[in-house]
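>>> just coords:
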């Protein structure tokens, strides 16, 4: 559905995209992660025809973003970082305005607005001023406006920034529903948990290039750091267990031992079998596997969070 090859973009002497390759399959969610200035928003702006690339190519549903910009715009929807709603209008009026801009016609515009108000749980607030809307309600309306023309591809540029946890989860459920209906989503986000929850595939941008790509689980396996933390009832059991595992780290105050592992079930079973054979009884254990925070820090070298 989205095919990007060798995409390049510079602003003056600053190279923002330096040969980006990306493929997004139909009916899936792909997340772009990366530090500030990595080129995520620039990529979205090029794909949505708002910015012209300096080199490379990109197609949406077979249409070139430069040569067939009109066809691309007809196939996509974009929800940017900042709300595009008109605060002087009601929710219903915003949707009707967008429907008319999309040339749906008066009758179809009214019907489509009613459908979206129902879908996004905004019926009760449909005819009230946007000044009365919460941040989550405004963001739902923003996404509803993106969907007026039923696009096959949606670009979501940090769609839940500033929302409270409940509103963020509501937006996640909406995105999952869209994908279940066949919509293709390209997402940028500053919340690593969001990418983990929603994305079928993740592409990590750094320095204008994609430095890693894969499913969330595949990316997590690229990063070392998985371990098992074993806690014992007494110091004697800890003393027995510690020599069994090379490279383990003991915590005498906490009567605990940290054993490096890839997190596979077979490795956990082997650790427990060795402890059992030595007579070291484990009081409690916890398993840590690398998460997307670990992936992000390892692959980008950044000391900040993704954005």
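Arrived safely, thanks for sending. As the structure is a prediction and not an experimental result, all values here were calculated from the model.
>>> ranges for the strands of the stretch 151-300 of the chain?
For the stretch 151-300 of the chain, applying DSSP state E, counting those that start in this stretch gives strands covering 153-157, 184-188, 201-206, 209-214, 227-232, 249-251, 256-260, 282-288.
>>> packing partners of the second one?
Packing contacts for strand 184-188, counted by 3 or more CB pairs under 8 Å, 6 or more residues apart in numbering; DSSP states H and E, involve strand 29-33, helix 40-47, strand 153-157, helix 165-180, helix 192-198. Glycine gets a C-beta too; all of them are placed from N, C-alpha and C.
>>> confidence score at the residue nearest to residue 28 when sequence neighbours are not counted?
Closest residue to residue 28 apart from its sequence neighbours, by CB to CB, 6 or more residues apart in numbering: residue 200 at 4.3 Å. Looking at residue 200, its pLDDT reads 96.
>>> what's the neighbour count on the closest residue to residue 274 other than its chain neighbours?
Leaving out its chain neighbours, the residue that sits closest to residue 274 by CB to CB, 6+ apart is residue 244, at 5.4 Å. Counted with other CB atoms under 10 Å, the neighbours of residue 244 add up to 15.
>>> tell me the domain ranges of this protein?
Structural domains annotated on the chain: 2-220, 227-289, as defined by automatic domain parsing.
>>> what's in contact with stretch 55-72?
Residues from elsewhere that reach stretch 55-72, judged by CB atoms under 8 Å, 6 or more residues apart in numbering: 1-8, 17, 19-20, 46-49, 52-53, 75-76, 152-153.
>>> 7 Å - rerun?
Outside stretch 55-72, the residues that touch it by CB atoms under 7 Å, 6 or more residues apart in numbering are 1-8, 19, 46-47, 49, 52, 75-76, 152-153.
>>> and the closest residue to residue 268 other than its chain neighbours, what does it touch?
Excluding its sequence neighbours, the residue lying closest to residue 268 (CB to CB, 6+ apart) is residue 228, at 6.4 Å. Going by CB under 7 Å, 6+ apart, residue 228 touches 259, 261, 268, 271, 285, 287.
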